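Visitor: got a structure for you, letters missing:
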């Protein structure tokens, strides 16, 4: 056999290709490159998702950052905020008076029972009324909103003082009515209305909620004073022109529809803090340290950008819902809030969105409740003027049009846009809205002894035309309800030195 016919033994004389000889190196490198490319693609997709939300906000001309929120420059002597802040600083109440004001703002019978104590508190705080009256007469509003750019870990402003002033002025309205000074009572209602709406000018949810709680006081005050409101030229009477002006103010809902502005401001503030959490975490270390390991990991991964986009989308959807004139219409625009898994995977994929932007249903219910209450109160005052002119109340609300109202106000809880209603329940004459459930139940409400009237959720939202809202009077000044808590004294507050 010739040499050329001989074959080399298997495994000898043949060189393996270079790539086979280096598989031990090539395979890990390819895997790493594939993983890196996948991560870059994932991160790019997350950035695009976030940028789509940002671009959408920019195209709509809406604020994305706090620098985009422009508050007009107003001199202090023209700014309605200036006297309101001063009123918060100068109000002085003893612990007894604080408790009486806190409960009396929604319980006129309590104010009536302690007229002397209330009168003394009013006399000692006359400057408060001068200041809130001055704020009402000023048409320009400019709040300092720099606090919105603070990290979440820093202390936020305390608006409790504004709530106290609002309650105090509402109590003064009751007192004016009970002393047959309805001109003063209506002026105090206008003060409360102006204060609440001035607070709503601040583009953030916290002051908006305080504003809503203050505006909610007006319905109770009007319900008490409207049946016997003295109108005319006699002493203590309010002029017809002032009552008509108050009706117009209650129905002027443009200042009250500030929820959208507040949601947009909230979105800018939240976005600033999200960028802190995903960036150098300056100022938010405490919050970051309280996140779970999986949430912190998710923020560092593209999951964090997806979640930031989700936050912007949700708050934007809520802001769009705030454009609607009815509660059912707003609900239709609510973002998808499907329940997310709370296990490690859910925390990794959705690190902060579920905790930062939750279900705002109750916020919108409060918003539309205030609108409904304003319309009910305005209609009740129009009915009082009709009664004074005709000697009896109108048999139907349409009788108020056009001499007392331009139209019967719409019910913001009615899906079909129908008007608020006149009815009777439990022997009491009522104005009512169909409330959250949207069902017309003829003014149905629930009441059990020792409880408040339940006219919310599954019942109608009612306004008692005769001021005869049922309910036991809770007396915080009774012997078995001590007002001075351990460690407190009953000395009057010292004037505050700063602003809130």
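Guide: Arrived safely, thanks for sending. No experiment lies behind these values; they were computed from the predicted model shown.
Visitor: Which element is encountered next along the chain beyond the helix or strand residue 136 falls within?
Guide: The secondary structure element spanning residue 136 is helix 126-137 (assigned by DSSP states H and E). Counting by DSSP H and E, the element after helix 126-137 in chain order, helix or strand, is helix 160-178.
Visitor: Mind giving me the packing neighbours of that next one?
Guide: In terms of contacts (3 or more CB pairs under 8 Å, 6 or more residues apart in numbering; DSSP states H and E), helix 160-178 is packed against helix 81-90, helix 95-104, helix 108-113, helix 115-123, helix 126-137, helix 182-199, helix 205-225. Bear in mind the C-beta positions are built from the backbone N, C-alpha and C, glycine included.
Visitor: could I get these as TSV with distance to residue 427, mean pLDDT and mean neighbour count?
Guide: Conversion of those to TSV gives the following (distance: least, CB to CB, whole Å; pLDDT from 0 to 100; neighbours: other CB atoms under 10 Å):
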stretch	distance to residue 427	mean pLDDT	mean neighbour count
helix 81-90	42	94	22
helix 95-104	27	88	21
helix 108-113	19	90	19
helix 115-123	29	93	16
helix 126-137	38	96	18
helix 182-199	27	95	24
helix 205-225	17	92	22
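Visitor: For residue 356, find the nearest of those helices.
Guide: Distance to residue 356, taken as CB to CB, is lowest for helix 205-225 among those, at 11.9 Å.
Visitor: same for the closest one, what does it pack against?
Guide: Contact here means 3+ CB pairs under 8 Å, 6+ apart; on that basis helix 205-225 packs against helix 108-113, helix 160-178, helix 182-199, helix 259-278, helix 361-390, strand 461-464.
Visitor: residues near residue 366, how many?
Guide: Counted with other CB atoms under 10 Å, the burial measure for residue 366 works out to 18 neighbours.
Visitor: that older thread, as a markdown table, the helices and strands packed on helix 160-178 with distance to residue 344 would be great.
Guide: Rendered in a markdown table, the data for these read as follows (distance: least, CB to CB, whole Å):
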| stretch | distance to residue 344 |
| --- | --- |
| helix 81-90 | 46 |
| helix 95-104 | 45 |
| helix 108-113 | 53 |
| helix 115-123 | 56 |
| helix 126-137 | 52 |
| helix 182-199 | 42 |
| helix 205-225 | 30 |
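Visitor: give me every residue that touches the residue nearest the centre of the chain.
Guide: Centroid check for the chain by CA atoms, centre = their mean gives residue 209 as the closest residue, at 3.5 Å. When contacts are counted by CB atoms under 8 Å, 6 or more residues apart in numbering, residue 209 is found next to 363, 366.
Visitor: which non-adjacent residue is nearest residue 62?
Guide: residue 264 (5.6 Å; CB to CB, 6 or more residues apart in numbering).
Visitor: List the contacts of that neighbour.
Guide: Here residue 264 is in contact with 62-63, 69, 203, 315, 319 (criterion: CB under 8 Å, 6+ apart).
Visitor: try 7 Å
Guide: With contacts defined as CB atoms under 7 Å, 6 or more residues apart in numbering, residue 264 is in contact with 62-63, 203, 319.
Visitor: For it, report the pLDDT, please.
Guide: Residue 264 carries a pLDDT score of 93 in this model.
Visitor: swap in residue 321?
Guide: pLDDT recorded at residue 321 is 95.
Visitor: from memory it sits against residue 334, does it?
Guide: Yes: with contacts counted by CB atoms under 7 Å, residue 321 reaches residue 334, the gap being 5.9 Å.
Visitor: rewinding a little: how much space separates the residue nearest to the centre of the chain from residue 71?
Guide: To residue 71, residue 209 is 20 Å away according to CB to CB, to the nearest Å.
Visitor: which residues of the stretch 301-450 of the chain fall in helices?
Guide: 302-321, 327-331, 344-349, 353-356, 361-390 (DSSP state H, counting those that start in this stretch).
Visitor: Check which helices and strands the fourth one sits against.
Guide: Helices and strands in packing contact with helix 353-356 are listed as helix 302-321; criterion 3 or more CB pairs under 7 Å, 6 or more residues apart in numbering; DSSP states H and E.
Visitor: Kindly calculate the angle that the helix it packs on makes with helix 361-390.
Guide: When axes from the mean of the first three to the mean of the last three CA atoms, to 10 degrees is applied, the directions of helix 302-321 and helix 361-390 differ by 10 degrees.
Visitor: How about residues contacting helix 302-321?
Guide: Taking contacts as CB under 7 Å, 6+ apart, the residues outside helix 302-321 that touch it are 42-43, 46-47, 49-50, 53, 57, 260, 263-264, 266-267, 270-271, 274, 278, 298, 330, 333-335, 348-353, 356-357, 360, 364.
Visitor: tell me, which helix in this protein spans the most residues?
Guide: As assigned by DSSP state H, the longest helix anywhere in the chain is helix 23-59.
Visitor: buried residues in it?
Guide: Of the residues in helix 23-59, 46, 49-50, 53-54, 57 count as buried by neighbour count, 16 or more other CB atoms under 10 Å.
Visitor: Then stretch 461-468?
Guide: Buried residues in stretch 461-468, counted by 16+ other CB under 10 Å: 461-465, 467.
Visitor: Next: stretch 396-410.
Guide: Counting neighbours by 16+ other CB under 10 Å, stretch 396-410 gives 397, 399-400, 404-405, 408-410 as buried.
Visitor: I'd like these as TSV, with pLDDT appended.
Guide: Shown next, in TSV, are those (pLDDT from 0 to 100):
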residue	pLDDT
397	96
399	97
400	97
404	96
405	96
408	97
409	96
410	96
